[in-house]
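[1] Sequence and predicted structure, then a few things I'm wondering about:
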Amino acid sequence: MSHATKEELGAAASVELNKVLASGKALTPKERLALPAQEMPAQPPEVRVRNIQEVALGYTPEQARVEAMRCLQCKTKPCVAGCPVQIDIPGFVGAIADADYARAIGIIKRDSLLPAVCGRVCPQEEQCQAPCTVGKSLKSLDKAVAIGRLERFVADWERDGGKMQPPAVKPATGRKVAVIGSGPASLTVAADVRREGHEVTIFEAFHKFGGVMVYGIPEFRLPKKIVEVEVDVLRKMGVQLVPNFVIGRTRTLKELMEKDGFDAVFIGTGAGLPKFMNIEGENLVGVFSANEYLTRANLMKAYLRGVAATPISQSKVVAVLGGGNVAMDAARTALRLGAEKVYVVYRRTEKEMPARVEEVAHAKEEGVIFQFLTNSKRIIGDEAGRVTGIECVRFQLGEPDKSGRPRPVEIPGSEYMMEVDTVIVAIGNDSNPLIKQTTPELDTTKWGNIIVNEDCATSIPGVYAGGDIVLGAATVILAMGQGRRAAAAINKQLCGGGAG
Amino acid sequence: MIETHVIVRKKQLSPEVFEIEVKAARIAEQRKPGQFIMLSMDVDLGERIPLTIADADTAKGTITLIYQRVGQGTRLLAQLGEGDAIPVLVGPLGTPTHIEKVGAVVGVGGGIGAAPLFPIMEGMKKAGNRVVTILGARTKELIFWEDKFRAISDEVIVCTDDGGYGRKALVTEPLKELCAREPKPALAVAIGPAIMMKFCAEATRPFGVHTLVSLNAIMVDGTGMCGGCRVMVGGKVKFVCVDGPEFDGHLVDFDGLMKRQAAYKTQERAALDHACNLDKMAAEKKAEG
């Protein structure tokens, strides 16, 4: 990437925009394809790696309009099919091209409640942007219309311009709904159910609302302020928000329904039990789950050393085990906390890495060192039980496995040592056992994920579930999609007067 | 449904140990022996610290916590008085103690470990067990709740390291004697510093007396999410917050636990020194003004 400044990128876009506007004619498809794809302005790597502010700075209005004009408004709308919540993408993109941002955000909000979040963290390159006709015509996925950036642009335009309006709430129905957890699935359910006039209470175990959006996803990728504003909208709608309340402990699910009189419950507790690799040395001091490392850094604000009370390792050399977005978040957080060297150790090649391409690119620019086709064998420590190194072994790709990806095969005798003082395990989460333990009649898979039907209804009448507690590790948009379905089913149950 | 956790009673038990009774109606109603709470002194910048629930009063809607002023969090907590509210308090967390009639139960409370021991022994007595409690501390001043334990125990043995009160002995001495006596206890419950629990487990092992210990590990959330509190029990990774805090003392890797407990010692020391300097400055300012 060129690392032109936001001003430079904006100025270049102005020139393009003025050319189009001066011609006074509608653009032909050929002309649209010839418009330059707009680069996302970003903090330069050497600067951002020393701060926690957001990396991507957002399009200028001119950039947004030029990017939006690249859309062919094709009849087939493959982008809509690629979106988990079927946003009318050509509709909102067309409105941005017309500089009618209010209409654009209105179109998005018909289907998505968290555009400022999704515009930032959705894997658009695998969803709406993957089948984009523009990208296909230009034979490059990178040249697809930057739908996510445009979504973010209008969401930021609305929020920063103080134009956010809480959705209208229908007259009170007297029915009560409890929402457990406050991540993306739960916030969506709360808004959709509250709109119909039902009383909604969100119960959050932590002292802050937003779930993974506040404890997991770092500030430099999703500023907490954005989540706070979304939570505030719910508050304005009259949703009750209760922090420090653990369902399964402070109250059981059954008590919520029988004692507290909730007519329906939505469980959106997320994936909350970190997995470890079961290798030697995993309990040494300096070995963290990504959850712990990111929670200390984000939610507990350990990056404010000397100000926040929660400590975090002052690491020099860090190895992150895993290849997903969480691994990228952990690696980039470690750099920002002052680590001199950060390695990502991944068993397969870059191509198979589940992390978003953009996150990997950002990590590389910031100096994260990738060790592909490598796995950790054991972690080594000193007498005080602190990490001093990690023994790794090289792999090569073999025959495809069940998932169709080539199976990595260990190369015998290729073991080698890496000197590190911190190891972050980012290989995923199991589901949290608290609700399951105290609600035996709730059907779950052998991995502890809650089993639901197409309406997100569980085996207990009136109890619904969605997000990572159902899907395993998924994305914000998929969680939101489930939240919408669950909310629709809850609203139907409550309006129909039945018990589900 | 939001409750303000006001301190309704505060008592200093010894120079560094405090007892507080806090408004927390729902926790009081739900809590069972062996469970703990997490608290934080600042919603934005505080550290979450686990404290075991020592007692509860459902009629008053309060829980009792006993804590030792050791780190930054407990130092700030000690500055709160009656009428002040604790900004963040969540619970009850952890798996409750399995209480049943087993015959005779010996409880060992070392130092501040007497606090979490109390509800367990109370439960054991109610379940119809013969209850013997051993309380141990360095000095007489550090022994607390002896009267409360006497009220629920068939026998109470007090030991101090310096012999200033009760027997001059380590808690393992009477524990061994009780195990050697016939009929030997069916269960021992030892709660205190990790090193004490380790030696209690070693003391009961030759007698084959099942021994429960309650572990205090470093944790962030207390609900299973961070995995920071993991400890090896019988060769398997367990999370103290959700699988515990109680485990079979004969299976716990205490050495591993103690190493992990020391993870932030240098940083905590630095934070305390830093805070003490701030206190000093504040005191000097006050003196000047």
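    Great, that's in hand.

[2] how about the strands in the stretch 101-250 of chain A?
    A:176-180, A:199-203, A:240-242 (DSSP state E, counting those that start in this stretch).

[3] How is chain B partitioned into domains?
    Domains of chain B are assigned by automatic domain parsing as B:7-93, B:104-261.

[4] would you turn those into JSON lines with mean neighbour count and mean pLDDT?
    No exception for glycine: its C-beta is placed from N, CA and C like everyone else's. Compiled in JSON lines, the domains of chain B are given as follows (neighbours: other C-beta atoms under 10 Å in any protein chain shown; pLDDT from 0 to 100):
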{"stretch": "domain B:7-93", "mean neighbour count": "19", "mean pLDDT": "95"}
{"stretch": "domain B:104-261", "mean neighbour count": "21", "mean pLDDT": "94"}
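
[5] These: which one's closest to residue A:133?
    domain B:104-261 (42.4 Å; C-beta to C-beta).

[6] Is there any residue in the closest one that contacts chain A?
    Yes: with C-beta under 8 Å from any C-beta of the partner chain as the measure, domain B:104-261 is seen reaching chain A through B:220-221, B:223-228, B:230-232, B:237, B:239, B:242, B:256, B:259-260.

[7] mind listing which of those are in strands?
    Counting by DSSP state E, the members of the residues of domain B:104-261 next to chain A that fall within strands are B:230-232, B:237, B:239.

[8] Which one, of the domains of chain B, ends up nearest to residue A:388?
    domain B:104-261 (13.3 Å).

[9] Please compute how far that closest one lies from its chain's middle.
    Between the centre of domain B:104-261 and the centre of its chain there are 10 Å (C-alpha atoms, centre = their mean, to the nearest Å).

[10] which one is the residue of the stretch 151-289 of chain B found nearest chain A nearest to, not counting chain neighbours?
    At 3.1 Å from chain A, residue B:259 is the closest residue in the stretch 151-289 of chain B, using C-beta to the nearest C-beta. Setting aside the residues directly before and after it, residue B:259 is nearest to residue A:385 in space (C-beta to C-beta, 6 or more residues apart in numbering or on different chains), at 3.1 Å.

[11] I'd assumed residue B:257 was in contact with that neighbour.
    No: counting by C-beta atoms under 8 Å, residue A:385 stays clear of residue B:257, with 10.1 Å between them.

[12] So in chain A, which strand runs the longest?
    strand A:387-400.

[13] Tell me the strands beside it, with direction?
    strand A:374-381 (antiparallel), strand A:406-410 (antiparallel), strand A:416-419 (antiparallel) (DSSP bridges).

[14] Report the buried residues of that strand.
    A:387-395 (16 or more other C-beta atoms under 10 Å in any protein chain shown).

[15] now what about that strand, what contacts it?
    Residues from elsewhere that reach strand A:387-400 (C-beta atoms under 8 Å, 6 or more residues apart in numbering or on different chains): A:281, A:284-287, A:319, A:345, A:347-349, A:371, A:373-382, A:406-411, A:414-423.

[16] how does it look with 6 Å?
    A:284, A:286, A:319, A:347, A:373-382, A:406-411, A:414-421, A:423 (C-beta atoms under 6 Å, 6 or more residues apart in numbering or on different chains).

[17] Extract the residue ranges of the stretch 101-250 of chain A that are flagged as low pLDDT.
    The model of the stretch 101-250 of chain A has no residue with pLDDT under 70.

[18] mind listing what the closest residue to chain B within it touches?
    Distances between the stretch 101-250 of chain A and chain B by C-beta to the nearest C-beta are smallest at residue A:244, namely 3.9 Å. Contact analysis of residue A:244 by C-beta under 6 Å, 6+ apart lists A:207, B:88, B:90.

[19] and if you look at residue A:370?
    So residue A:370 contacts residue A:344 (C-beta under 6 Å, 6+ apart).

[20] try 8 Å this time
    Taking C-beta under 8 Å, 6+ apart, one finds A:343-344, A:346, A:350, A:360, A:363-364 in contact with residue A:370.

[21] Give me the secondary structure label for it.
    Secondary structure for residue A:370, judged by DSSP: H, G, I helix; E, B strand; the rest coil, is strand.

[22] Could you work out the end-to-end span of stretch A:52-68 for me?
    With C-alpha to C-alpha, to the nearest Å as the measure, stretch A:52-68 spans 30 Å from end to end.

[23] Would you mind listing the buried residues in it?
    A:52, A:54-56, A:58-68.

[24] on that earlier part again, the residue of the stretch 101-250 of chain A closest to chain B and residue B:91: what is the separation?
    The spacing between residue A:244 and residue B:91, counted by C-beta to C-beta, to the nearest Å, is 9 Å.

[25] repeat for residue B:196
    25 Å.

[26] Next: residue A:93.
    Distance from residue A:93 to residue B:91, by C-beta to C-beta: 49 Å.

[27] cool, residue A:17 as well?
    Distance from residue A:17 to residue B:91, by C-beta to C-beta: 57 Å.

[28] for residue A:326, same thing?
    28 Å.

[29] Over to residue B:5?
    Residue B:5 is 10 Å from residue B:91, by C-beta to C-beta.

[30] Name the residues contacting each of those two.
    With C-beta under 8 Å, 6+ apart as the test, residue B:5 and residue B:91 both reach residue B:24.
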